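> okay, here's the prediction I keep looking at, along with the sequence it came from:
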Amino acid sequence: MDILRRSLLSLGLTALLAGSALSGPASAEPQSTITVASTTSTEQSGLFKHLLPTFTEKTGIGVKVVALGTGQALDVGRRGDADVVFVHDKAAEEKFVAEGFGTKRHAVMYNDFVVIGPKADPAGAKGSDVTAAFARIAAAKAPFVSRGDRSGTHAAELRYWKDAGIDPVAAKGGWYKDVGQGMGPALNTASAANAYILADRGTWLSFKNRGDLAILVQGDKRLFNQYGVMLVNPEKHPQVKAKEGQAFIDWLVSPEGQRTIADYKIEGEQLFFPNAEPGKS
Amino acid sequence: MHETLSDTFSRLASLDREVFAIAWLSLRVSLSAVLIGCLVGIPLGSLVAVSRFPGRSGAVGLLNAAMGLPPVIVGLVVYLLLSRSGPLGPLGILFTPAAMVAAQSVLVTPLIAALTRQIVADAEAHLGEQLRSLRLSAWRRAGILIFDVRFSLLTAVLAAFGRAISEIGAVLVVGGNIDGFTRTMTTAISLETQKGDLALALALGLVLIGLVILVSMAASLLRAYAARAYG
């Protein structure tokens, strides 16, 4: 009898707790919610915290952001686990759309990459030419931290090595450190090792553990970092919330959305530069 | 280091509702998983302890090994199961707290079962012959022994809770660390570390440790009270 009563009690408790866990946040849930797979750079720079409340207030659509590397975010879209993908690797995005996983690619905004390194700059990389800087870092065998995580930033870094005619893979384990992590952890590693690293400006500006690092190379046109947004194709994944997802995309490229993006600043510096072309992809 | 520490305490003082919401989510996800783990693991572990069947020692070995399941692998498998492209995709619970409960349940059930098996087997070494001479079924014998060792089982339950609330591999993969929805203490600590805000990460870490101490103290009190009330 006693045991029975107790097992009933614990069953009841389970149901209660499980119920409260399943019911989601206690705050008022918007009428409908979409899932956006995006990149660590947009999330960690704080852009979404700035954008989403405005969008949700206007449309009543809640947005849940899963922040991953660009490659992983596109995979989440491919599997149908997100409604919208918001990333920065044009070649990979065009492939995503060509494969039929996304309906259409919309340019939204850009920010730029910067080469970060020790203030003392032992390799003499400082300047405004990214491939020359990379060549000097390699020649000096100065420590360099690579994301190594198939992210948009990693893809860009590999392009610059190729342009500089250097195969960093050969130096893996030596001066070239492939950490396989997001922008923040990679910056933490670079800060601890006083190493060179390629970073997006947004994450760098909001990054606090800078140690002895500073921006050494910026302003090169090749450091331009374009963001694109795509709706996951509802023909491939019927559960995709196409209407709400498209509303989010339409808002991002609308004059109001573009203005909200431009308004986002850290320490007075604008992080992202809207460049959507309405009617064009 | 010293600067980080003093900064940590000032950050701790300014912790707001957001942190409480995150701590509460961590707590209810992990407690839910532990309760599910108990409902499955305690009967399973004690049945293995009292029954004799071919391949039993293999089953015990397997159960003990499963205590070391890597959270990130459990997360990945549960992710693939719950993904829209996976067999349980139609449930649509990926990137929700329910998915995190599911993954942590998988993680703690073998732990509870294995520890229960050991505790019940030890009790059976004393009482088993008597119980078998009464010709009771395995279920009845298991039930009696569970009741007999109920206070020792609390340690198993606390171990499971500790494993659940401190892991990040599984909740990160299946929950997605969504702000205000699936962000737990561990994923928040990891995120702040990534952002280089080490003081805030450390402050959140202290809150998490405090949470674990509170739960284990509550369990000890409950145990002392129950021991007095029921002997």
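Thanks, I have it. Because the structure is a prediction, the values reported are computed rather than measured.
> which residues of chain B fall in helices?
B:2-13, B:17-50, B:56-66, B:71-82, B:97-133, B:138-148, B:150-166, B:169-175, B:185-194, B:198-230 (DSSP state H).
> can you pull the contacts of the closest residue to residue B:131 other than its chain neighbours?
Excluding its sequence neighbours, the residue lying closest to residue B:131 (C-beta to C-beta, 6 or more residues apart in numbering or on different chains) is residue B:141, at 4.6 Å. All C-beta atoms are positioned from the backbone trio N, CA, C, and that covers glycine. With contact set as C-beta atoms under 8 Å, 6 or more residues apart in numbering or on different chains, residue B:141 has these partners: B:50, B:124, B:128, B:131, B:132.
> what's the answer for residue A:127, then?
Residue A:127 touches A:133, A:216, A:217, counting by C-beta under 8 Å, 6+ apart.
> tally of neighbours for the residue in the stretch 101-250 of chain A positioned nearest to chain B?
For the stretch 101-250 of chain A and chain B, the shortest gap (C-beta to the nearest C-beta) falls at residue A:184, measuring 2.9 Å. Neighbour count of residue A:184, defined by other C-beta atoms under 10 Å in any protein chain shown: 25.
> returning to that earlier point: just the helices of chain B: most buried one?
Across those, averaging neighbours per residue (mean count of other C-beta atoms under 10 Å in any protein chain shown) puts helix B:169-175 on top, at a mean of 26.
> report the rounded mean pLDDT for it.
Per-residue pLDDT over helix B:169-175 has a mean of 96.
> what comes into contact with that helix?
Identification of contacts with helix B:169-175 by C-beta under 8 Å, 6+ apart yields B:29, B:70-76, B:78-79, B:82, B:94-97, B:99-100, B:102-104, B:106-107, B:177, B:182-184, B:186-187, B:190.
> if we go to 7 Å?
B:70-72, B:74-76, B:78-79, B:82, B:94-95, B:99-100, B:103-104, B:107, B:182, B:184, B:186-187 (C-beta atoms under 7 Å, 6 or more residues apart in numbering or on different chains).
> separation between residue B:222 and residue A:274?
57 Å (C-beta to C-beta, to the nearest Å).
> what helix or strand is residue A:106 located in?
strand A:102-118 (DSSP states H and E).
> and for residue A:209?
Here residue A:209 is assigned to no helix or strand, by DSSP H and E.
> any chance of the helices of chain B in JSON lines with distance to residue A:147 as columns?
Formatted as JSON lines, the helices of chain B follow (distance: least, C-beta to C-beta, whole Å):
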{"stretch": "helix B:2-13", "distance to residue A:147": "25"}
{"stretch": "helix B:17-50", "distance to residue A:147": "27"}
{"stretch": "helix B:56-66", "distance to residue A:147": "34"}
{"stretch": "helix B:71-82", "distance to residue A:147": "19"}
{"stretch": "helix B:97-133", "distance to residue A:147": "26"}
{"stretch": "helix B:138-148", "distance to residue A:147": "51"}
{"stretch": "helix B:150-166", "distance to residue A:147": "27"}
{"stretch": "helix B:169-175", "distance to residue A:147": "18"}
{"stretch": "helix B:185-194", "distance to residue A:147": "12"}
{"stretch": "helix B:198-230", "distance to residue A:147": "20"}
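> which of those helices has the lowest mean pLDDT?
Among these, helix B:2-13 carries the lowest mean pLDDT (a mean of 68).
> ok, which stretches of the stretch 1-150 of chain A are strands?
A:32-39, A:61-68, A:84-87, A:102-118, A:144-146 (DSSP state E, counting those that start in this stretch).
> for residue A:233, list the residues it contacts.
A:100, A:101, A:102, A:103.
> show me where pLDDT drops low in chain A?
A:1-31, A:278-281 (pLDDT under 70).
> beta partners of the spatially most central residue of it?
Nearest to the mean C-alpha position of chain A, counting by C-alpha atoms, centre = their mean, stands residue A:39 at 1.9 Å. Beta-bridge partners of residue A:39, counted by DSSP bridges, are residue A:68.
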